[in-house]
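[1] I need the structure of the sequence given here:
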Amino acid sequence: AVLAFEIRSQYAWATRAIDDWIEWSGRRPAREAVFSACRILASRGKSNAVLSLVTKVLSIPDKRSIRKLKVLTYETSYEMAIYTEAITALYNNGLYDSADDLYVKAISQGFLPWAIIGDSTNSSVLKIDLHGMNKGVAHSAVRVSLQHLIQSKHFEKVERDVLIVTGRGKHSKRHLRPILRPEVQRMLVEEFFPPLSSSTAPKNTGALKVSVTDVNAWIEHQQQQRGIRFLAIAESLKTITSGSRLKQLLKRKL
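    Numbers count the residues shown, from 1 in each chain. Purely as a prediction, here's the structure:
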């Protein structure tokens with residue numbers, strides 16, 4: 001039913017159908033129905049409704065007896081799939097701030113990967129790994145990771161270039177035609193001020209190098225422009241960038 005409502009872009013009926021299913025069954029709705037509702041709501045610019053829908057469906061306990069997997073995948077994890085598609089729907093409709101909010105929530109709960117890898121206490125080592133992400137999730141991963149540079153005491157000033165690992169496109173539908181690389185380069189130039197220039201990393205065609213000069217200029221500008229939204233993101237990131245939680249995330253990447 002929800003898919004039919006998507007064709008007609010009837011967001012009110014789509015969310016009502018999901019609410020009725022939850023009330024009637026007490027179970028999580030089918031993931032495809034949630035995906036469809038997220039797309040409808042995002043296309044209408046209703047980002048808060050997307051966030052509320054994701055929170056609602058994921059708050060319902062999973063009554064199926066499924067053994068916990070050490071490695072979550074899109075196919076095996078209801079939560080990962082919901083977060084991925086909701087972020088993608090928001091991204092496709094230009095609702096980037098809300099997509100970032102969902103990404104932060106997902107990584108804080110361990111359902112999406114934390115993109116920064118390496119030694120978090122060493123400002124000379126920084127890599128942002130986007131492997132396994134689609135364009136929407138990768139977009140938020142880069143934005144949130146660079147915001148982390150500002151709020152972290154360890155990254156008040158970067159001492160060397162930042163590497164963003166996009167992959168070579170081996171697993172893309174268009175073999176060896178990178179999908180993430182052009183999107184990341186567009187974002188760094190068009191969505192960041194001052195713009196962040198990038199080039200192919202030496203000896204690694206699957207990574208982009210962002211110059212230390214550009215990164216520090218951007219960090220300095222952002223520190224001067226700190227506002228309510230930045231502080232909200234920074235507060236959310238505290239849950240994953242301190243103590244044992246950060247160590248656990250880093251161990252998964254090493």
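[2] against which helices or strands is the longest helix seen in the chain packed?
    Longest helix in the chain, counting residues (DSSP state H): helix 135-151. Helix 135-151 sits against helix 78-92, helix 96-108, strand 127-129, helix 180-190, helix 212-224, helix 228-237, with contacts defined as 3 or more CB pairs under 8 Å, 6 or more residues apart in numbering; DSSP states H and E. (Each C-beta comes from the backbone N, C-alpha and C, glycine too.)
[3] now tabulate those in CSV and tack on mean neighbour count and distance to Val71.
    As requested, the helices and strands packed on helix 135-151 are arranged in CSV below (neighbours: other CB atoms under 10 Å; distance: least, CB to CB, whole Å):
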stretch, mean neighbour count, distance to Val71
helix 78-92, 23, 11
helix 96-108, 22, 15
strand 127-129, 21, 16
helix 180-190, 17, 21
helix 212-224, 15, 32
helix 228-237, 14, 24
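[4] Pro61: which of these is closest?
    helix 78-92 (11.4 Å; CB to CB).
[5] which strands or helices does the closest one pack on?
    helix 31-43, helix 47-58, helix 96-108, helix 135-151.
[6] could you dump the ones you listed to a markdown table with mean pLDDT and distance to Gln185?
    Formatted as a markdown table, the helices and strands packed on helix 78-92 follow (pLDDT from 0 to 100; distance: least, CB to CB, whole Å):
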| stretch | mean pLDDT | distance to Gln185 |
| --- | --- | --- |
| helix 31-43 | 93 | 24 |
| helix 47-58 | 96 | 26 |
| helix 96-108 | 95 | 16 |
| helix 135-151 | 88 | 11 |
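[7] adding distance to Ser77, write those helices out as a markdown table.
    Converted to a markdown table, the helices and strands packed on helix 78-92 look like this (distance: least, CB to CB, whole Å):
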| stretch | distance to Ser77 |
| --- | --- |
| helix 31-43 | 10 |
| helix 47-58 | 11 |
| helix 96-108 | 11 |
| helix 135-151 | 14 |
